[in-house]
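Participant: My questions are about this predicted structure, shown below with the sequence.
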Amino acid sequence: MKRPCSPLWERLRYPTYCMAGSVAFGLCPLLPTLIAAAIAALNGCRLHEGFPNPCSVCGFEIGDLLYAFGLCFWMMGLTLPIGVLLLGGSTLWLLIEWCRYLLKPKSENVATESRR
């Protein structure tokens, strides 16, 4: 059986999820870059955005792949501003829903809690 949520969480759930999603969207290109940097560091390879460097891991040449993953960082120039705009919008949505909850008459809050 599903445990009922509080009325405040019912209002703030979707704006909170949107805030988390917008942060994840904005920082998403950072993950492949960090993975590439970690693999390059663990194997003693050189990684930069100028050109692919040779890097052999377990007999496989992955220098081009690390280079491509390293260049994902530059996609943050597109995703980060969009993520910031989405975060601002969802924060505004959260504040509006919170104020609507606080300004709602107490009798309506008690009525919605007793229905559950």
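Facilitator: Thanks, I have the structure now.
Participant: gap between residue 32 and residue 53?
Facilitator: Separation of residue 32 from residue 53 (C-beta to C-beta, to the nearest Å) stands at 17 Å. Using the backbone N, CA and C atoms, a C-beta is placed for each residue, glycine as well.
Participant: count of neighbours near the nearest residue to residue 53 once chain neighbours are set aside?
Facilitator: Counting by C-beta to C-beta, 6 or more residues apart in numbering, residue 53 lies nearest to residue 46, which is 4.7 Å off, once chain neighbours are set aside. Counted by other C-beta atoms under 10 Å, the residues lying close to residue 46 total 12.
Participant: which residues does residue 46 contact?
Facilitator: By C-beta atoms under 8 Å, 6 or more residues apart in numbering, the contact set of residue 46 is 40, 53, 55.
Participant: Just the element for the first one, please.
Facilitator: Looking back up the chat, that one is residue 40. Remark: residue 40 resides in helix 30-42, with elements defined by DSSP states H and E.
Participant: Quick check: buried residues in that helix?
Facilitator: 32, 33, 36, 37, 39, 40 (16 or more other C-beta atoms under 10 Å).
Participant: Kindly report the same for stretch 85-94.
Facilitator: For stretch 85-94, by 16+ other C-beta under 10 Å, it's 86, 87, 90, 93, 94.
Participant: could you measure the last one against residue 79, distance?
Facilitator: Residue 94 is 21 Å from residue 79, where distance means C-beta to C-beta.
Participant: again with the first one
Facilitator: Computed with C-beta to C-beta, the distance linking residue 86 and residue 79 is 10 Å.
Participant: if I look at those two, which residues touch both of them?
Facilitator: Taking C-beta under 8 Å, 6+ apart as the criterion, residue 86 and residue 79 both touch 25, 26.
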